[in-house]
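Chemist: here is a sequence with its predicted model. Questions after.
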Amino acid sequence: MPDKIIIYTDGAALGNPGPGGYGAVMMFGPHRKELSQGFKLTTNNRMELLAVIVALSNIKDKSIPIEVYTDSQYVCNAIEKKWLFGWHKKGYAKIKNPDLWKQFYIIYHQFNIRFIWVKGHAGIKENERCDVLATTAAKENPTSVDSFYEQSQNESTLL
């Protein structure tokens, strides 16, 4: 039996903000699952974080250690440099993407996760696959709505 779940994630936004998507590749022993979804209007950082949230949400056995490989310093540093825990203590005030960070914080504590930053577009097979999944999802005329992002954009234009 394998000793850990391996997850690769990536996010993309064409125009940033613009149409976006996420991609995730999950591996456990002989099992492999690919996830992706596109959104009409979003940002790259939102998709980077959403990829991790969705992948973790698909894990049933919370006792298995997990390694998450991401080319997003935004995601990796928030965990490894412990920024997330400060944001949580301050109620996620004055940070971008508080809706996703709140979701992530809850999910994060259900698992034993190690985050590993990898250089993007460096020929790492599974990272490259995630990039294809994310950019394809963004390019295929996505119809899903990133409600929090669009609502926050509408509110900022009213101020």
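Modeler: Thanks, I have it. Residues are numbered from 1 along each chain as shown.

Chemist: in terms of pLDDT, where does the nearest residue to Gly18 once chain neighbours are set aside sit?
Modeler: The spatially closest residue to Gly18, leaving aside those adjacent along the chain, is Leu41, at 6.8 Å (C-beta to C-beta, 6 or more residues apart in numbering). C-betas here are computed from N, CA, C, even on glycine. Here the pLDDT value assigned to Leu41 is 96.

Chemist: you'd agree Leu41 is up against Gly21?
Modeler: No: using C-beta atoms under 8 Å, Leu41 is not in contact with Gly21, being 11.8 Å away.

Chemist: so the two - more neighbours on which side?
Modeler: Gly21 (27 against 17; other C-beta atoms under 10 Å).

Chemist: what about the more buried one, helix or strand, and which?
Modeler: Assigned by DSSP states H and E, Gly21 belongs to strand 18-28.

Chemist: check Ile6 too.
Modeler: strand 5-13.

Chemist: where does the protein have low pLDDT?
Modeler: 1, 156-159 (pLDDT under 70).

Chemist: and the strands in it?
Modeler: 5-13, 18-28, 31-42, 66-70, 113-117 (DSSP state E).

Chemist: so which bits of stretch 17-26 are buried?
Modeler: Neighbour counts over stretch 17-26 (16 or more other C-beta atoms under 10 Å) mark 17, 19-26 as buried.

Chemist: which outside residues touch stretch 65-82?
Modeler: Contacts to stretch 65-82, defined as C-beta atoms under 8 Å, 6 or more residues apart in numbering, come from residues 3-11, 45, 48-49, 51-52, 55-56, 59, 83-84, 87, 101, 108, 111-121, 124, 126-127.

Chemist: and it, how far from the chain's centre?
Modeler: 10 Å (C-alpha atoms, centre = their mean, to the nearest Å).

Chemist: okay, how far is it across it, tip to tip?
Modeler: End-to-end distance of stretch 65-82 (C-alpha to C-alpha, to the nearest Å): 19 Å.
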